[in-house]
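Trainee: no sequence for this one, just the structure:
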């Protein structure tokens, strides 16, 4: 007699790498390190002035720069979007734009490295600016709509982990 399971594994433990990431051991290895990647909208890898030795990559050069690290055992990455070309408004409407560098690179990462666990930072503040041209938080209702649209876009491109903005 077989019993049909009506339970689904919690989203935090459905994948072996995610289970390892949350395990209580104290060892440090490739399964519990997350590599930060800054994804821009340029063509070349550009060193970030505020962080010497850290580069902003694009969809055009990420694969060649990431492949050697994955070959050494990297299993998790955290993507940060950096755009100098997308406009800002009071609700962050470009945070889920098809022109957003992170939204553009996610499907490619899935194709290039299917076993890679991808996390993204919901950095909607990069796309939010008030009429006075200062970065400010949007109104709660507008922010909820903006965040839900961003998260939907990220999950549609098979992002596994979405890091909260606050």
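Mentor: Yes, it's here. Source: prediction; values computed, not measured.
Trainee: Quick check: the closest residue to residue 42 other than its chain neighbours vs residue 108, distance?
Mentor: Residue nearest to residue 42 in three dimensions, not counting chain neighbours: residue 58, with 5.3 Å by CB to CB, 6 or more residues apart in numbering. Yep, even glycine has a C-beta here, placed from its N, CA and C like the rest. For residue 58, the distance to residue 108 (CB to CB, to the nearest Å) stands at 11 Å.
Trainee: Same check on residue 16?
Mentor: 24 Å.
Trainee: These two - which one has more neighbours?
Mentor: More crowded of residue 16 and residue 108, by other CB atoms under 10 Å: residue 108, with 14 against 11.
Trainee: Could you verify that the more buried one is part of a strand?
Mentor: No. Under DSSP: H, G, I helix; E, B strand; the rest coil, residue 108 falls outside any strand and is assigned helix.
Trainee: which ones are touching it?
Mentor: Contacts for residue 108 (CB atoms under 8 Å, 6 or more residues apart in numbering) come out as 59, 62, 63.
Trainee: What of residue 40?
Mentor: So residue 40 contacts 46, 56, 57, 58, 82, 83, 84, 101 (CB under 8 Å, 6+ apart).
Trainee: Just name the shakiest helix or strand of this protein by mean pLDDT.
Mentor: helix 140-156 (a mean of 65; mean pLDDT, DSSP states H and E).
Trainee: Need the contact partners of stretch 78-87.
Mentor: Applying CB under 8 Å, 6+ apart, the set of residues contacting stretch 78-87 is 34-42, 56, 94-95, 97, 99-102, 105-106, 118-121, 123, 126-127, 161, 163.
Trainee: now, which of the residues you listed lie within helices?
Mentor: Of the positions in these, 101, 102, 105, 106 sit in helices, assigned by DSSP state H.
Trainee: Between these, which sits nearest residue 71?
Mentor: residue 105 (19.1 Å; CB to CB).
Trainee: Can you report how many residues neighbour the closest residue to that closest one other than its chain neighbours?
Mentor: Nearest residue to residue 105, sequence neighbours excluded (CB to CB, 6+ apart): residue 59, at 4.8 Å. The criterion is other CB under 10 Å. On that basis, residue 59 has 19 neighbouring residues.
Trainee: can you confirm residue 59 is in a helix?
Mentor: No. Counting by three-state DSSP, one finds residue 59 to be coil, located in no helix.
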